[in-house]
Structures are given as structure tokens and as C-alpha cells.
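> my questions concern the predicted model and sequence given below.
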There are 2 protein chains.
Amino acid sequence: MRNKKIVTIGGGTGSYTLLSGLKKYSVDISAIVSMADDGGSTGILRDELGVLPPGDVRQCLVALSDSPQMLRNLMNYRFEEGGLKGHNFGNLFLSALEKINESFSVGVEQAIKILDVKGEVIPVSDESMRLFIQLKNGQILAGENNLDHNEEIREIGLQNVFLKPQVSAHKKAIERIKSADVVVIGPGDLYGSILPIFLVKEIAEAIKKTKARIVFNCNLTNKKGQTENFTIDDYVKVLESYIGKNKIDFVTFNNNNIPPLLVKKYEKREGKGSVIVFKRQQKSGSYKIVMADLLRREEIKEKIGDLISGTRSFIRHDSDKLAKVLMMIAEMGEYENIIKEII
Amino acid sequence: MRNKKIVTIGGGTGSYTLLSGLKKYSVDISAIVSMADDGGSTGILRDELGVLPPGDVRQCLVALSDSPQMLRNLMNYRFEEGGLKGHNFGNLFLSALEKINESFSVGVEQAIKILDVKGEVIPVSDESMRLFIQLKNGQILAGENNLDHNEEIREIGLQNVFLKPQVSAHKKAIERIKSADVVVIGPGDLYGSILPIFLVKEIAEAIKKTKARIVFNCNLTNKKGQTENFTIDDYVKVLESYIGKNKIDFVTFNNNNIPPLLVKKYEKREGKGSVIVFKRQQKSGSYKIVMADLLRREEIKEKIGDLISGTRSFIRHDSDKLAKVLMMIAEMGEYENIIKEII
């Protein structure tokens, strides 16, 4: 049997988690990566060197890399002092390769060889894009980094996002979506990592037309002002409005209990309803929800203090659990029913 | 027959040239590298990150690397804009590895694996050293970078150099010198790249005691205020005074004609006598001089302008010619005489 062709759509930590799990299976992975990031080390490199944003691509490369842990640590290393402070080594690596080759994509292809990457990492576009954010009061903010740092979004609330200029999609991204068996969306920031990919028109078109099974790994938590009080249904509705068609076949969602201390921590920062709770009556679309234990258990607690304060703990997907459920969805026949509960 | 064990001593462009040629032969190379550099990108990294100087080690690693040209280009890439301007990517690579491992040597060992390096590159010490320069008027300058940038040296003249603090040699460096068949010194800046290695006391001791054949690749040009008007004999005398014993067996020297335009260019900048001319009567020591064509011919002249102005041309050793002569010296038996002219 030939390998399943899996396309992933996202960026950031979510893609890292997803790809780290998927790469353990015999599948052909093509990670299509958001190129809208303009904060932190990536933002400085964009501004100062005029390069495309390397951060999201780097995380996907490292996740899919079969190179020794040492090399993967190096790619994630962040300088802590002097003029280099805050710069991530892997970002510098990708920016230098872009400069040498005068093409981000060619640089990424070389990085794939150097890092012994299993699969493809495809920047959604080879052109420079900028994300704009419209608030509920009509105000417009320029730059993806506002999503993390702008208090106005938290207070006023986000209405929608758009790209300016519109950019062409990387040809390979279109081809891979067309011929995919499964397209996996998220987990990841809805407005920061996922929707910027659908905003590239040819990508939304390709998603609309593909015969692939489309799965959305629903986030476990909401963000104040962005996905505030979102239900699974709300996520699907927003996603499909940006795709332009009801296309989502499956949503994966965690049904393992989240430790109350962690829930409290999130609610303190992001408000009530920031940890998503599935309610049967909220499901309105024709998509199926696959409930499974997807929760990462933090295994290492270096200090008792961390355990109590919970400062080092996040509500996150577990790579292996997530990959297993996705492989089940990828492998299951039309009428097969191997999943415990599909709602 | 077992591979000859060749130890090289130096740093900078000279070591790069030497090692690029030697690596084409079946020999065991151990490059012992100066760690006194404190200028440019390296100097900034020393100051800001508190790392050891990566520049000389990087050049040796790249010279001995069997990895694709692409990766070697990356290691030599220099950022040209913004806060990263002037930083060499390979230097950042070595500094990040040092930080991650909390040891420069361990970082270098990992770099050797990543870059598929043929042979060893051994920093002369794992401790931070600083080169001090005493002028003929007794004045003392702190920092190796003065050798390239301080006008006082050119005017007053250099008397000697010393290290402060004294540092311990890397154990491997001592072992390799002890068991070497041939120790090759230079080409390279006498005061900037070669003598800082001999200033590490255990290294000078090891050189004194080794049974290896010792070869000095004499520079082709002199530096105003440093090796001003030096003859081959002057180089040998200074080297042996820092070793503490007459130890040099062979000196290689170029006998191919240097284009007059190039000679003029050097004399204009560094004064008369800046291009060394061998004179038989100047030889006083018991070392043998091996005369051969060692001159690099610049093959690519991008513009006619360059050819005329000579701005892109340097008087440099040719990697392959140099390596060939060194291999002859390494392979020749006690009484064998296969070299055209030994003086």
C-alpha cells in the first residue's frame, strides 16, 4: 500500500507538535507554512535584512528533522546577550541561506538536506506578505505580531484579518493540496498561523476543490479578543468562511480531563471560557467530531514550585496521541468505524 | 603504509590555504589553531557573548570540510545589513555550539561532525587568552586586532608579543605534536597567527621535544612595523627564539616570479622590501630551504579594471602547489633527494 499523502497547514508550536508526531509514521508529509510572522527575532530579520520570515518554517524543519538531537538543539538555540540577544540561531541559518541563494524557497530546500528532513516544508508563498487585523470598531492594525502584543485586540475584539499585498501561492503548495489524501489544519493560532494561509487565494481555492479528507485539530484554549468564548462550531464556521465552502470533514478534540489548576491559570489570564469545553448541543455543522485523549502530560517538573504555581505548564496537544488519531482518520475506510466515539 | 601524521600550526587565510591543499592527500591532519583573535565579528562575539574566538577555527573547519560547497559557502557567509552586519554565519554557528555545550572544544567536535571535516581542528587552548604587543619604545598594546589596525605599530615597530594570562594548552594539541611525523608552521601572520600558539608554554615545550620534521612555510610578503624587511633567516630566527631551540628543518619558499604590478602594489602600501626576495648569502641557520613554485595565479578577473588596478589581487600561496611540496618533504627519506633545489 502506498504511503498516505498528508498535507499540514499551520505554523508555530502547533505545527511543531503535530509534525513531531506524524513523522514517526510511514507517510508523505508536506507542511505548508504560514509566512505572516513579523514579531520577535523573525520580525527583526524581516526589517533589517529584508528576508522572508523564517520562524515558522524553522519549527517545521526541526520537527521533521532526522538529524541528531544536537543539531536540532542548535536550530532552536536563542542568543541571550549583546547585539544578538533574542535571535534564534535557526532563523539566522534560514536567513543566511535565503541571502546566499537569493530565494527563500531554495534556501529551505537546502536546509531540508542539511537537516535531513523527512518530508517537505513549503512556505505558503515566496513573496513578502503582511497580515492586517481589523477590530470590531473598524480600526485596522498592521502586523501579525499585534495578535500577541496589542491590548486593543483583547479589549475591542478582532473582526477579521486580511493580507496586503495579496501574494501568489507557492506552486508546490497547490499541487500537494490537490493530490493529498488528508489535509490537516492546526492546531495553532487561528488568526496568526492558520488563516494567513487560507488568505492566499489560490490556497483557499485548492482546499475548496481537493478530494482529500479535511481534518481540523481544534485548539484546546481560546484567546481573549480573538477566539473568545469560541466553541468547536465557531472555529469550524470561521475556518469555512475563509475557505469559502463547508469543507471540514473531521474535527479532533481532546476529551481527557484538564487539571483544574491549569484551567484556573488560563481563565485568570484569558477569561472564563478560555479552556474549551465540548457541548453536544453546540454542534451544528455536518463535520464529525473525533473525541480522544489528546492531552499532553508534562512529565518533567524540575521544581516543586513549578508544580504548584503551574508556571511551566501549558494546555497542549500531545504529539503522539494526536498523530495516532490522525492516522486512524487517514486510514479508515468510508464505512469503517474504529474510533470509540464520533459525534 | 600508514598515513603520515601532519600537524599544522597557524590561523587565518594561511591555514585555510594550507589545509585546503593537504586534505586532498591520504594524511592524518591535526590543525592546531590560534585563539588570540579579537577583531571584527570574532571580537564582538568575544566581548558580547563571552565566547572564545571562533574565526580561525571556522576557517580551518571549512578548509577541511567534505560537506557540499553550499554548506561551506554558508559557513563563510557574512551578513551585510542591520544589527547582524559584519557577523560571519560560521562564527555564530561555533558560538552557539559553544554556548549550548558550555565548552568551545566540545562545540568544535560537534561542528566537525556536522561539517564532515576530514581531520581534527584543535583550538590551542580552551581558555580565554589575550595577546599583548610591546612596541620598540616599550609601549604596550592590548589585543591582537591592533596588529591590523594600529598605526603606531607601523610607525614605531613591534618588539615582541606575549600572552596574558598564560593559558593551558589543549591536551590533544600536545599529544598530536608529540606523535607527529611533520609539523607545518604557517603560512600566516607571524605575530597574529603563529606566535600566539608558541606563546602557550606547553606547546613550545612540545615542539622542542618532538621528533617530527618541522617545516616553515615562509610568508611571501612582509608587514610594515612587524616583519619589515624580514629575510627568510629573520623569520626562522624569530620563530626559533619563541620555540626556545633551533628546531626548523625545512623552509618552503616560492621561486616563481611575482608580477611586477603586484609587487608595486605591495611596496606602495607596506614599503620597499615588503615582497620577500630570497638571497643566498642571507641564509645562516642549518635549516634547508626548499625552493618551488608556490604562487597562486588569480584565474578570474571579473573586470578589466581589476586587472589594471590590481585591487582584487594578492600575493598568496597556491593550495595545491604548497601541499605537493609539503607531501614531498613528508615522504622523503633521510638521504633521498627528489626536490629540484634544496639550499
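Sure, I can see it. Numbering: from 1, shown residues only, chains lettered A, B, ... in the order given.
> so who does residue A:155 touch?
Counting by Cβ atoms under 8 Å, 6 or more residues apart in numbering or on different chains, residue A:155 makes contact with residue A:225. Quick note: C-beta positions are derived from backbone N, CA and C, even for glycine.
> flag the shaky bits of the stretch 201-343 of chain A, pLDDT-wise.
Where the stretch 201-343 of chain A drops to pLDDT under 70, the residues are A:299-312, A:333-343.
> all the strands of it, in order from the start?
A:213-217, A:250-254, A:288-292 (DSSP state E, counting those that start in this stretch).
> chain center to the second one: distance?
Going back to what we said before, that points to strand A:250-254. Taking Cα atoms, centre = their mean, to the nearest Å, one finds strand A:250-254 lying 15 Å from the centre of the chain it belongs to.
> tell me what angle it forms with strand A:213-217.
On the basis of axes from the mean of the first three to the mean of the last three Cα atoms, to 10 degrees, strand A:250-254 is oriented at 30 degrees to strand A:213-217.
> ok so, going back, nearest to chain B, out of the strands of the stretch 201-343 of chain A?
strand A:213-217 (31.5 Å; Cβ to the nearest Cβ).
> what is that closest one packed up against?
On a contact count with 3 or more Cβ pairs under 8 Å, 6 or more residues apart in numbering or on different chains; DSSP states H and E, strand A:213-217 meets strand A:182-185, helix A:232-243, strand A:250-254, helix A:319-331.
> just send the strands of the stretch 201-343 of chain A back as CSV, with mean neighbour count too.
As requested, these are arranged in CSV below (neighbours: other Cβ atoms under 10 Å in any protein chain shown):
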stretch, mean neighbour count
strand A:213-217, 24
strand A:250-254, 24
strand A:288-292, 19
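> looking at the ones you listed, which is closest to residue A:273?
Across the strands of the stretch 201-343 of chain A, the minimum distance to residue A:273, taken as Cβ to Cβ, is reached by strand A:250-254, at 15.4 Å.
> direction included, what does the closest one pair against?
Strands flanking strand A:250-254 in the sheet, each with its direction: strand A:213-217 (parallel), strand A:288-292 (parallel) (DSSP bridges).
> may I have that strand exported as PDB, CA atoms only?
The C-alpha trace of strand A:250-254 is given here as PDB (Å, rounded to 0.1, in the frame of the first residue of the first chain):
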ATOM      1  CA  PHE A 250     -13.400  15.800  10.900                       C
ATOM      2  CA  VAL A 251     -12.600  17.800  14.000                       C
ATOM      3  CA  THR A 252     -10.400  16.200  16.600                       C
ATOM      4  CA  PHE A 253     -11.000  17.200  20.100                       C
ATOM      5  CA  ASN A 254      -9.500  16.300  23.500                       C
END
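> what comes into contact with that strand?
Where contact means Cβ under 8 Å, 6+ apart, the residues beyond strand A:250-254 that reach it are A:213-218, A:220, A:232, A:235-236, A:276, A:278, A:287-295, A:317, A:322, A:325-326, A:329.
> quick one on the thing from earlier: of the strands paired with strand A:250-254, which is nearest residue A:185?
Evaluated with Cβ to Cβ, the strands paired with strand A:250-254 place strand A:213-217 nearest to residue A:185, the distance being 4.6 Å.
> which single residue of the stretch 51-200 of chain A approaches chain B most closely?
For the stretch 51-200 of chain A, the nearest residue to chain B under the criterion Cβ to the nearest Cβ is residue A:82, separated by 2.5 Å.
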